[in-house]
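# Could you work out the structure for the sequence below:
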Amino acid sequence: MNSVKSEVFLLNPIESETSTLDGKTLNRLDQLGVLSLKDNSIFGNVPNLSSLVNLKSLYLNGNAFSGSFPTSLTGLHCLKILVLLGNYISGRILGSQ
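This is a model prediction of the structure:
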């Protein structure tokens, strides 16, 4: 699988019905440093983003994500900023090793 080089990925607010997010496409962006999906009415579980090993900032606020805190995020050792405000995520935030 070829990776896609990018440092910042912004998804502008979707002006249609709510939608889900497929992590397969995002995981190809393995050089990504900032991912902002805020205010897009995305619902469902937060996808597995474990391939985004260079991710430093992740903005998921203002959506309708639900379910448990995604354990795949605990392996993102470069991640310094995580914004989950305005979602329905439950459970404990597990610390990374």
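# Now the strand of greatest length in the chain: average pLDDT?
Across the chain, the longest stretch assigned as strand under DSSP state E is strand 64-68. Across strand 64-68, pLDDT averages out at 94.
# Sheet partners, orientation included, of it?
The strands beside strand 64-68 in its sheet (DSSP bridges) come out as strand 43-44 (parallel), strand 88-90 (parallel).
# Could you pull out the buried residues of that strand?
residue 65 (16 or more other C-beta atoms under 10 Å). Just so you know, the C-beta spots here come from the backbone N, C-alpha and C atoms, and that holds for glycine as well.
# most packed of the strands paired with strand 64-68?
strand 43-44 (a mean of 16; mean count of other C-beta atoms under 10 Å).
# roughly how far out does that one sit from the chain middle?
12 Å (C-alpha atoms, centre = their mean, to the nearest Å).
# What of stretch 42-60?
2 Å.
# Would you indicate which residues of that stretch are buried?
42-43, 46-52, 54-55, 57-60.
# you'd agree residue 44 is up against residue 66?
Yes: in this structure residue 44 lies within contact range of residue 66 using C-beta atoms under 8 Å: 6.9 Å.
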